[in-house]
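Colleague: need a 3D model of the following:
(chains A and B)
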Amino acid sequence: MSSSPDHDVILKLEDISKVYAGTVAVKHANFEVRKGAVNVLVGENGAGKSTLMKIIAGVERPTAGRILLDGNEISFSSSGDAVSRGIGMVFQELNLFGNLSVAENIFATRELTNAFRKIDHRGQERRAAEFLEQLEAGIRPDMLVEDLRIGQQQLVEIAKAVSLDARILIMDEPTSALSAAEVEILFKVIAELKARGVAIVYISHRLEELIRIGDYITVLRDGRITGQEQMRNVDTQWIVRQMIGSDAKDFAKADGHVPGAEVFRAEEICLPRVTGGLAVDHVSLSLRAGEILGIYGLMGAGRSELFDCIMGRHGQASGRIFIDGKQVKERSTTRRIQRGLALIPEDRQREGLVSILSVASNLTLASLSRFVSLFHIRGGAERQAVMQMVRELAIKVADPAQEVSSLSGGNQQKVVIGKALLTGPKVLLMDEPSRGIDVGAKADVFRTMRKLSRDGLGILFATSDLDEVMALSDRIAVMSNGKLTGMFDRAEATEAAIVAASALGHGPVHGEQRR
Amino acid sequence: MNALAGFGIWAQRNRWIWSAIGVLVLWLVLSVVTSRFSLSSLSGVILSASFLTVVGIGQMFVVTTGRGNIDLSVASVITLSAFVALLTVKGQDANLAIGVLAAILLGLAVGALNSLLVVGLGIPAIIATLATGYVLATATLLSNRAIPGFAVSPALKDLATGRISGVPIMAIIAIIGVAATAFVLRYTVFGQLLSAVGQNRAAARLAGIRNGPIIASAFVISSVLASLDGLLLGAYIGGAFLEMGQPYLLQSIAAVVLGGTLIFGGSATALGTLFASILLILIVTTMQIIGLPPGAQDIVQGIVVIFVLALAGRQALARRASVELADGDKDPMANTEAHAAAARPE
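Modeller: Take a look at the predicted model:
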C-alpha cells in the first residue's frame, strides 16, 4: 500500500464491484485518484480497467460500493453528469466526426452561440487555436478532421478533453497512435495539467512510459486490484509480476515425445500500422511437427497481428510462409485453410462461433464439403464426425443439436478447436486459447493441446500468461512492439529472461523509428 | 403448464408456427362471422398467396444474408418480366420455351447486376436494388410501347389459373418451391453457409467460407424467382400493366418477417414465408370484405409489418445486449458519446 501520499485524494472508489449478466468484471476494488498527479491504471485485456473507467466516467453504475468525490458520496446518472462534475475522458477509440472541422469537433454539443443561437464559428476557432497551440502539432482549427493523420486526430481528442477544463482527466491509451515527438508533447501537456492541480488517470500498456510519467500505479488482474504503489517504489519487473500473477494452474504434463520435421516456417512477416511503423516487424520463425511453440508478449506486442498475417487476413502484410517446406503463395484465408492452416481466434463470440447454429453445425462449418454427396449433406457422415469430435475433445453437450451459445466458455472453445481440427490442419494457430474460460476448462484445453501435438500437429499459441507459456511450450518466442525479441528452448528459459525480452522496445526510445 | 413451456421452446425453433396459427385463427373468425367466406374463397386466397410466396422465398434468401441486405428491385422485375413475356410468347404455346428462357435470363441478369453492386462494389443493398428497380422501370416503359397485344399463351394460362381437383396449380408450384427451399436451407452446404454468413461474417471467413459468392447467389435466386413470378402473374391477369409488381415490394418483405425469418439475417424459414403469405392475403381479403378502401388496406399492412419488426427488433436488441455484456470489457464506451450528447443540456 502506498505510504505518505504527497497529494490529496479527489476521487475515491470504495469496495466497488460490477457484475455483468453473471460475470464479475470488477471485484471489491478500492481505487484512489490523487489531485495534481498521474494515477496509472494497468492490467491485461479483460482485467477490468475499462469497466473501472466506465464507472469513474459515469457510463456504468457499480453493482456495489461507493464513489466519493471530494469526500462526498455521489452517484452519476450518466456520463453527462460526470462531465458536469469535472470528469473528462480521452477515449482510446477516436470519437471524432471526420466531416467536421477541428474546432467544430472540440466544441461538439457545447457550441459557442450568439443571442440568436447561431454558432459563432470564428469564436470557436479562436478558442480551439489556443488549445491546439499547447499541443504544438501544427493543426489548424479550420481543418477537417478526416484530413489529419491518426496521431493528429488523437491530439485533437486530447485537446477536446483538455478544453473541458476537467478536474479529473481519464486518458485511455492516449499514446497508442502517437509518434515519439507527439508523445513528448503530450507529456509536456500532462505536466502542465498536473501543475494546475488536475488529477489524471492514465492507462497504457507501455511500461517504460508508465514508469516515466506515473506518480501512483494501480494494477488490476481478473477484476481485482493486485497492487497499489507509489511509482518511485516500483520497477518493470514488479508491474509485470502484479499483472500476470502466479495462480496455481493445472497444466498437462509434457509427455516427452520428440518433435518431427519442420512443418511450418514464416519469414520476414511485416504488417504496417495505420499510424506508420510496423505492427509486425520482420518476424521469422519455424515450427516442427508435434511441437508447441508459445509466443509470449504483452498487449499490443503484435501476437494477434502476426497470426492474422499468417492466415492471410491482412492485405497489406508482406513476408513468406512455408508449409512442409513448400511456399504458400495463396493470399486468401480460404486457400490457406485448404493448405493446412487453422486459426483459433482470440474472440470466440465475434470470430469463432455462429451463435444461433447448433453445436454440430458449428463443428462442421469449415469442412462441409467432406460430407456432401451430390446435392445434400449426408446426415450420417456428418453426425459421425460430430460425435467423434465431441468424444475426442470431451465436449460436454447433451445433444449436438443444441445451440452453441448454451454451452460454457470452455466447451465453446472446444467447439472452435473441433471446427478447426475437422479441416485436417497441419498447423494450428491458437490466440489466447485459455482466455475467458474457467480453471477446470483451461486444464482441459491444455490437455487437448498436448494430445494434438502428440498426434503430430504443429501448434503455435499466443499468450500473455507467463506460467502458461512456461509450462506448455517446447520452445518460447517472445514478441515486443511487433518484433521477435527472444527465442528460448524450454530448458534454458527463465521467467526473468522472458519478462526482460517482453519489455524490450517499449517506450519512446524505440518509438522514434515509428514515424 | 409443462406442455405450454415445451411448446414455447419448440416454437422458438419453429417460428413458422405463429403465422400458421394466425392463418387458422383468422380463417375461423371469418368463417364464423361472415357467411360470404367459404372453403372455395380460401382456395382463391391460396392462389393469390402462391404468387406472393414465390417472390417472398427469393426475398427471404436475400434477407438471410444479413447486414440489412434486402432486394427492392423485385417489384420492377415482376412488371418487366410480365412485359417481356408478352413480347416473347406473343400468345403462342410454341414460343413458351423462349418466354421462360427470357424470364430466367432476365432474372439472372438483374441478380448479377445487384450482386455486382452489393458484393462487388460494396454499395448498401437498400440503395443498390432501389436503383436497379428504377432502371428496370424505364426498360418497362420502353417495352410498354412495343407491346404487340395482350394475348396469353393457353398453356401458360392453364398453369397460372388452372386447378387440379380444386387445388390451384399455382399453389402446387408454390408448395413444391417451399419444400425445395426448406431442403436447401436444411440439408445442403449452401443452406448452412448462408446461415453462417448471415450471422457472423468474420467467423465464416475464418472457417474458410467465401462470403461473396453466397451473398451473390441469394440476389440471383431472388431475381430469378421474381422474374418467373412475373411471367405467371402476367398469364394469370391476362396481360401486363405498369406498376403491376408494386404491391409485391412491401408484401414480400412482410411475408419474410411475418413468417419468422430473422430480419438481421442468419436464420430463414420457408414454411413461415408460405404461411405468412397466406396470412397477409387473408388480411387483405378481410379488409375487402369489411369494405375498407385500398389506401386503408395499405395502411393496415404497413402497421402489421412495423408491429412484427418492433417485436423482432426488441428480441434482437436483447440478444445483442447479452452478448455485449458477456464480454463487457471489449466494447469500451462505444455509446458514451451518444450518452454524453443526449444527457448534456443545450
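Colleague: residue contacts, the residue positioned nearest the centre of chain B?
Modeller: Closest residue to the average C-alpha location of chain B: B:G56 at 2.2 Å, with C-alpha atoms, centre = their mean. Each residue near B:G56 by C-beta atoms under 8 Å, 6 or more residues apart in numbering or on different chains is listed here: B:Q251, B:S252, B:A255, B:V256, B:G259, B:T273, B:L274, B:A276, B:S277. C-betas here are computed from N, CA, C, even on glycine.
Colleague: how does it look with 10 Å?
Modeller: Taking C-beta atoms under 10 Å, 6 or more residues apart in numbering or on different chains, we find B:G56 in contact with B:49, B:63, B:74, B:174, B:177-178, B:222, B:225, B:229, B:248, B:251-256, B:258-259, B:261, B:270, B:272-274, B:276-277, B:280.
Colleague: so which of those residues reach chain A?
Modeller: Among those, no residue sits close to chain A (C-beta under 10 Å from any C-beta of the partner chain).
Colleague: filter those to the buried ones?
Modeller: B:49, B:63, B:74, B:174, B:177-178, B:222, B:225, B:229, B:248, B:251-256, B:258-259, B:261, B:270, B:272-274, B:276-277, B:280 (16 or more other C-beta atoms under 10 Å in any protein chain shown).
Colleague: can you check the pLDDT for whichever residue of chain A sits closest to chain B?
Modeller: Of the residues in chain A, the one nearest chain B is A:G80, at a distance of 2.9 Å by C-beta to the nearest C-beta. Here, the pLDDT recorded for A:G80 equals 80.
Colleague: in the helix or strand hosting it, what counts as buried?
Modeller: Element membership for A:G80, per DSSP states H and E: helix A:79-84. By 16+ other C-beta under 10 Å, the buried positions in helix A:79-84 come out as A:S79, A:G80, A:D81, A:A82, A:V83.
Colleague: list the buried residues of whichever helix or strand B:A103 is part of.
Modeller: Here B:A103, judged by DSSP H and E, is contained in helix B:96-115. Of all the residues in helix B:96-115, those buried under the rule 16+ other C-beta under 10 Å are B:96, B:99-100, B:102-104, B:106-107, B:109-111, B:113-115.
Colleague: and it, what does it pack onto?
Modeller: helix B:39-64, helix B:74-89, helix B:125-145, helix B:154-161, helix B:211-237 (3 or more C-beta pairs under 10 Å, 6 or more residues apart in numbering or on different chains; DSSP states H and E).
Colleague: was I right about B:L113 contacting B:V119?
Modeller: No: between B:L113 and B:V119 there is no contact under C-beta atoms under 10 Å: 11.2 Å.
Colleague: could you name every residue contacting both of those two?
Modeller: B:A128, B:F219.
Colleague: low-confidence stretches in chain A?
Modeller: Along chain A, the parts satisfying pLDDT under 70 run over A:1-6, A:21-23, A:45-46, A:93, A:244-255, A:275-276, A:374, A:436, A:438-440, A:505-515.
Colleague: return the residues of the stretch 151-300 of chain A in contact with chain B.
Modeller: Counting by C-beta under 10 Å from any C-beta, the residues of the stretch 151-300 of chain A near chain B are A:D172, A:E173, A:G223.
Colleague: A:R447 is in what secondary structure piece?
Modeller: helix A:439-454.
Colleague: oh, that last question was meant for A:M470, not what I typed.
Modeller: Short version, using DSSP H and E: A:M470 is in helix A:466-472.
Colleague: thinking again about what came up before, so which of the buried residues of helix B:96-115 is the closest to A:S464?
Modeller: B:S115 (42.5 Å; C-beta to C-beta).
Colleague: need the contact list for that closest one.
Modeller: Contacts of B:S115 (C-beta under 10 Å, 6+ apart): B:L121, B:A125, B:A128, B:G212, B:P213, B:I215, B:A216, B:S217, B:A218, B:F219, B:V220, B:S223.
Colleague: give me the buried subset of the residues you listed.
Modeller: Neighbour counting with 16+ other C-beta under 10 Å marks B:A125, B:A128, B:I215, B:A216, B:S217, B:A218, B:F219, B:V220, B:S223 as buried within the contacts of B:S115.
Colleague: among those residues, which pair sits farthest apart?
Modeller: Farthest apart among the buried ones among the contacts of B:S115 - using C-beta to C-beta - are B:A128 and B:S217, which lie 16.1 Å from each other.
Colleague: got the residues of the stretch 351-500 of chain A near chain B?
Modeller: Checking the stretch 351-500 of chain A against chain B by C-beta under 10 Å from any C-beta, the hits are A:351-357, A:361-362, A:364-369, A:371-372, A:374-379, A:382, A:401, A:403, A:405, A:409, A:416, A:419-420, A:422-423, A:435-436.
Colleague: buried only: go through those for me.
Modeller: Buried residues within those, defined by neighbour count using 16+ other C-beta under 10 Å: A:351-357, A:361-362, A:364-368, A:371, A:377, A:382, A:403, A:405, A:409, A:416, A:419-420, A:422-423, A:435-436.
Colleague: burial check on B:T34, number of neighbours?
Modeller: A count of nearby residues for B:T34, using other C-beta atoms under 10 Å in any protein chain shown, gives 13.
Colleague: pLDDT score for it?
Modeller: B:T34 is assigned 74 on the pLDDT scale.
Colleague: all strands in the stretch 201-350 of chain A, in order from the N-terminus.
Modeller: Listed in chain order, the strands of the stretch 201-350 of chain A (DSSP state E, counting those that start in this stretch) span A:216-221, A:224-230, A:262-272, A:278-288, A:292-296, A:318-323, A:326-327, A:341-344.
Colleague: quick one: is stretch A:118-135 near chain B?
Modeller: No: Stretch A:118-135 lies apart from chain B when judged by C-beta under 10 Å from any C-beta; the minimum separation is 12.3 Å.
Colleague: just the CA trace of that stretch, in PDB.
Modeller: What follows is stretch A:118-135, C-alpha atoms only, in PDB (Å, rounded to 0.1, in the frame of the first residue of the first chain):
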ATOM      1  CA  LYS A 118     -26.200  30.900 -34.300                       C
ATOM      2  CA  ILE A 119     -22.900  29.200 -33.900                       C
ATOM      3  CA  ASP A 120     -20.000  31.600 -33.500                       C
ATOM      4  CA  HIS A 121     -17.500  29.800 -35.800                       C
ATOM      5  CA  ARG A 122     -14.900  32.400 -35.500                       C
ATOM      6  CA  GLY A 123     -15.000  32.400 -31.700                       C
ATOM      7  CA  GLN A 124     -14.800  28.600 -31.600                       C
ATOM      8  CA  GLU A 125     -11.800  28.600 -33.900                       C
ATOM      9  CA  ARG A 126     -10.100  31.200 -31.900                       C
ATOM     10  CA  ARG A 127     -10.600  29.300 -28.700                       C
ATOM     11  CA  ALA A 128      -9.700  26.000 -30.300                       C
ATOM     12  CA  ALA A 129      -6.500  27.500 -31.600                       C
ATOM     13  CA  GLU A 130      -5.500  28.300 -28.000                       C
ATOM     14  CA  PHE A 131      -5.800  24.600 -27.000                       C
ATOM     15  CA  LEU A 132      -4.100  23.400 -30.200                       C
ATOM     16  CA  GLU A 133      -1.200  25.900 -29.600                       C
ATOM     17  CA  GLN A 134      -0.300  24.000 -26.400                       C
ATOM     18  CA  LEU A 135      -0.100  20.800 -28.400                       C
END
